[in-house]
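Asker: Any chance you can model this:
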Amino acid sequence: MTWIKRTIVFYNTRHPKEMGENEISTYLTLLADKAKVSASTQKQAFSALLFLYRDVLRIKLSKINNIYRPKRSHMVPVVCTTQEAKAVLNQLHEMKKRVAGLLYGAGLWIMECIGRRVQNVYFEYKQILIRDGKG
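Answerer: The predicted model follows:
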């Protein structure tokens, strides 16, 4: 509903029946170009407007062209170096150091580490059994 309201307000409360493909493409381009929304946000706005016209108003839209599409951002995870990890671990005291070392060394989430029981640790095989892990 929010995207429909925003579009109507953007066009000075004109009824959607008075608008068409040109207004939709102009608004979606403005979202990406001027408002700098992400590609998924623009797609969500487009889907809301498409639902309004197709399913609510029962107005068939011809192809909506000339929409500026923002590029999907590729987030690169921030990873600390081995030296940075060792420096952090060296600042911790015994129990916290063991837990943090297990998190770092085994790639566990906090709840996966905290939920371990002694029966899940196989010292002779140097293994820890993880059930329902993060994947």
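Asker: and the gap between residue 14 and residue 51?
Answerer: 18 Å (CB to CB, to the nearest Å). To be clear about C-beta, it is placed using only N, CA and C from the backbone, and glycine gets the same treatment.
Asker: meant to ask about residue 61
Answerer: Counting by CB to CB, the gap from residue 61 to residue 51 is 11 Å.
Asker: What of residue 120?
Answerer: 48 Å.
Asker: can you check residue 69 too?
Answerer: Distance from residue 69 to residue 51, by CB to CB: 19 Å.
Asker: for residue 77, same thing?
Answerer: 35 Å.
Asker: and if you look at residue 25?
Answerer: On the measure of CB to CB, residue 25 and residue 51 end up 17 Å apart.
Asker: hey, which helix or strand in the chain has the poorest pLDDT?
Answerer: helix 110-114 (a mean of 76; mean pLDDT, DSSP states H and E).
Asker: hang on, the earlier thing: more neighbours, residue 25 and residue 51?
Answerer: residue 25 (17 against 13; other CB atoms under 10 Å).
Asker: How is this protein divided into domains?
Answerer: 2-56, 82-128 (automatic domain parsing).
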